[in-house]
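K.L.:
just the structure for this:
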Amino acid sequence: DAARALHAANRIWITGFRSCRGVADLLTYQLRLFRPDAVQLVGGSGPFDLDHGAFRSDDAVVVIGFAPYTLVSVETARAAHQARATLIAIADTITAPMAEGADHLLLFEAASSPGFFPSLTGAIAVAQSLAAVAFTLGGAGAKRKLEETEGRLARMSQYTVEKG
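P.N.:
Numbers count the residues shown, from 1 in each chain. Purely as a prediction, here's the structure:
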């Protein structure tokens, strides 16, 4: 259902702060491969509060976070609510403050990590699954756009030539 919301959205806004920024960057990159004009990273091109003012009711806003939660992730969720945008929360618990009132909540386990730092493996898996299902829902149009993007990147010599 969350992927359907992304597919239906006019624009997709993605945010993750602190250690969740990498997950947000990954989801932004993957979605932009086939929806380049529709995906924005909150705070990616300027102050995040300006992006909050740009949210619209036909947008989807993805907020990624785990405890301890950043204030700006909660503010982003509130701005999505105020704009009546669809809110998709990728969080560690159903009680995450940035997930309050979310239209879609996708949970991941962050606390059980063998090291000091919480694990983002689950958040990355959720983000990649979300992008994959949104791509599939896009059908032939998404495939065509992905092929155009990959072709453009190849023409720009963004990839190395493998020697076989």
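
K.L.:
where does the prediction get shaky in this structure?
P.N.:
Low-confidence segments of the chain (pLDDT under 70): 111-117, 158-161, 164.

K.L.:
what ranges does it have for its helices?
P.N.:
Taking DSSP state H to define them, one finds helices in the chain at 2-8, 21-32, 48-54, 71-83, 121-137, 139-155.

K.L.:
kindly reformat these as JSON lines containing distance to Q40 and mean neighbour count.
P.N.:
Where you see a C-beta, it was placed from the backbone N, CA and C, and this is true even at glycine. Formatted as JSON lines, the helices of the chain follow (distance: least, C-beta to C-beta, whole Å; neighbours: other C-beta atoms under 10 Å):
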{"stretch": "helix 2-8", "distance to Q40": "13", "mean neighbour count": "19"}
{"stretch": "helix 21-32", "distance to Q40": "8", "mean neighbour count": "20"}
{"stretch": "helix 48-54", "distance to Q40": "7", "mean neighbour count": "15"}
{"stretch": "helix 71-83", "distance to Q40": "12", "mean neighbour count": "20"}
{"stretch": "helix 121-137", "distance to Q40": "15", "mean neighbour count": "18"}
{"stretch": "helix 139-155", "distance to Q40": "17", "mean neighbour count": "12"}
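
K.L.:
check contacts around the residue nearest to D92 when sequence neighbours are not counted.
P.N.:
By the measure of C-beta to C-beta, 6 or more residues apart in numbering, the closest residue to D92 outside its immediate chain neighbours is F66, 3.8 Å from it. With contacts defined as C-beta atoms under 8 Å, 6 or more residues apart in numbering, F66 is in contact with 20, 91-92, 96, 108, 110-111, 118, 123.

K.L.:
what is the most widely separated pair among those residues?
P.N.:
C20 and A111 (14.4 Å; C-beta to C-beta).

K.L.:
so between the two, which is more surrounded?
P.N.:
For C20 versus A111, the count of surrounding residues by other C-beta atoms under 10 Å is larger for C20: 24 against 10.

K.L.:
and the gap between the more buried one and V133?
P.N.:
In this structure, C20 and V133 are 20 Å apart, going by C-beta to C-beta, to the nearest Å.

K.L.:
if anything else comes up later, I'll come back, but that's it for now.
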